[in-house]
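# I'll drop the sequence and a predicted model, then ask my questions.
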Amino acid sequence: MEDLRNAIRDIPDFPKKGIVFKDITTLLSDAKSYHRMVDLIAHRYIGQKIDQIVGIEARGFILGAALAYKLGTGITLVRKPGKLPYKTIQKTYQLEYGTDSLEIHSDAFKGGDRVIVADDLLATGGTVAAVIEMVEDCGAQIVECAFLAELEFLKGREKLQSHKVFSLLKF
């Protein structure tokens, strides 16, 4: 795992002073690291009945699409408002510095679909908590939330206590 951890670049003071941004583009651009990351996460779910992967805009699309391909499932996209063409469910949630909103197609799942919510990073947990609520409102069952990395000091996992959470790397 240390090789994957080392493949992620720290960017100090981005997007604002005092924040150290975990830049995963360096991991994604290295074929060996990218393949290993996808294989390690996907391996957890092989043999389980998974119907869909839910990818959260935007870096969650990268992980989610690769997992969906590897597991032979479809992918459902969670997007910023106004980006999905059909009827949507929208959820507004709190950020450290304001609010944001996300949408999902209202018909994204068949009743009882078993899904994995995938994103690159678990930080404060606000975004994924909103996604969980929308996914469950659409009638799907969340098997687990899967992340490439988790910033443990932000305690995002605490907002997701009623759901299983897996993070490949922890910082």
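Everything's here; your move.
# Look at residue 86 and give its secondary structure.
coil (DSSP: H, G, I helix; E, B strand; the rest coil).
# do residue 75 as well
Look at residue 75: counting by three-state DSSP, its state is strand.
# Find the nearest non-adjacent residue to the residue nearest in space to the middle of the chain, please.
Among the residues of the chain, the one closest to the centroid is residue 119, at 1.6 Å (CA atoms, centre = their mean). If you skip the residues right next to it in sequence, residue 119 has residue 60 as its closest partner in space, 3.8 Å away by CB to CB, 6 or more residues apart in numbering. Just so you know, the C-beta spots here come from the backbone N, C-alpha and C atoms, and that holds for glycine as well.
# and what of residue 105?
What sits nearest to residue 105 in space, not counting adjacent residues and going by CB to CB, 6+ apart, is residue 86, at 5.2 Å.
# pLDDT wise, what is the one you found at?
At residue 86, the model reports a pLDDT of 97.
# so the residue located most distally from the centre of the chain is in which element?
For the chain, the residue at maximal distance from the C-alpha centroid (CA atoms, centre = their mean) is residue 17, at 25.0 Å. Secondary structure here is read from DSSP states H and E; on that basis residue 17 sits in neither a helix nor a strand.
# any idea how far residue 33 lies from residue 27?
When CB to CB, to the nearest Å is the yardstick, residue 33 and residue 27 sit 5 Å from each other.
# Please read the previous query as pertaining to residue 21.
Computed as CB to CB, the residue 21 to residue 27 distance reads 13 Å.
# how near is residue 124 to residue 2?
Counting by CB to CB - residue 124 and residue 2 are separated by 26 Å.
# oh, I was asking about residue 91
From residue 91 over to residue 2 the distance is 37 Å, taken as CB to CB.
# Also residue 19?
Counting by CB to CB, the gap from residue 19 to residue 2 is 24 Å.
# out of those two, which sits in the busier spot?
For the pair residue 19 and residue 2, the greater number of neighbours falls to residue 19 (13 against 7), based on other CB atoms under 10 Å.
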